[in-house]
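J.: just the structure for this:
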Amino acid sequence: MGPPYTGHARHTSNISHSGETGRRSHPGHSALTCEEARRTARAVLSAHGVVDRDIDAALLVVTELVSNARRHAGGTTAFRVRCLPPRAVVEVADAEPCFPVDRPSPASVPGRFGWQMVKGLAERVDVRAGGFGGIGKTITVVLDARAADEGAAAQPSRAREDAGRR
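T.: Numbering: from 1, shown residues only. A predicted model of the protein is given here:
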């Protein structure tokens with residue numbers, strides 16, 4: 001386990017960070033930006049020595065989930081990153097009760113590929129009803145978070161290998 005991380009964010013109410021968890025919870029909608037969420041995720045994963053390739057994949061997932069919460073649900077109601085190599089868990093809750101939907105779209109139409117990208121990068125994705133305060137939904141994504149000292153550079157990502165089987 002990596003060293004503890006203490007961080008600061010613009011909105012400091014109910015925020016805690018440790019070597020294992022970066023969490024933000026707010027009653028109602030949060031003004032959490034994608035940049036703040038990425039910074040938290042990067043700090044937690046880096047504190048555990050996670051390889052850059054897995055950090056990059058996690059940051060793509062964090063950006064997609066937080067930006068969708070901002071765009072479609074008025075913001076996040078909770079955000080958490082946990083890491084215990086070789087896995088990391090990202091959780092994003094919002095107040096919108098509707099679950100994400102796969103909507104095929106021709107390549108010529110912009111957008112509508114983010115949810116497929118999240119599922120392709122993830123080892124597992126769960127969506128459950130109820131977010132912060134029991135309203136909305138929580139999306140939980142399990143990702144590879146291999147530490148450099150585990151020989152991660154030589155190991156292919158399981159999510160990328162399985163992506164074609166979904």
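
J.: identify the residues contacting residue 128.
T.: Counting by Cβ atoms under 8 Å, 6 or more residues apart in numbering, residue 128 touches 137, 138, 140. Glycine gets a C-beta too; all of them are placed from N, C-alpha and C.

J.: right, I mislabeled it, should have said residue 115
T.: 64, 100, 101, 102.

J.: which ones among the residues you listed are found in helices?
T.: Assigned to helices by DSSP state H, the following of the contacts of residue 115 qualify: residue 64.

J.: most surrounded residue in the contacts of residue 115?
T.: For the contacts of residue 115, neighbours were counted using other Cβ atoms under 10 Å, and residue 64 has the most, 21 neighbours in all.

J.: measure it to residue 122 for me?
T.: Shown here: residue 64 relative to residue 122, a distance of 11 Å by Cβ to Cβ, to the nearest Å.

J.: ditto for residue 94
T.: As defined by Cβ to Cβ, residue 94 lies at a distance of 18 Å from residue 122.

J.: compare the two (neighbour count), which wins?
T.: When neighbours are counted by other Cβ under 10 Å, residue 94 and residue 122 differ, and residue 94 comes out ahead with 27 against 23.
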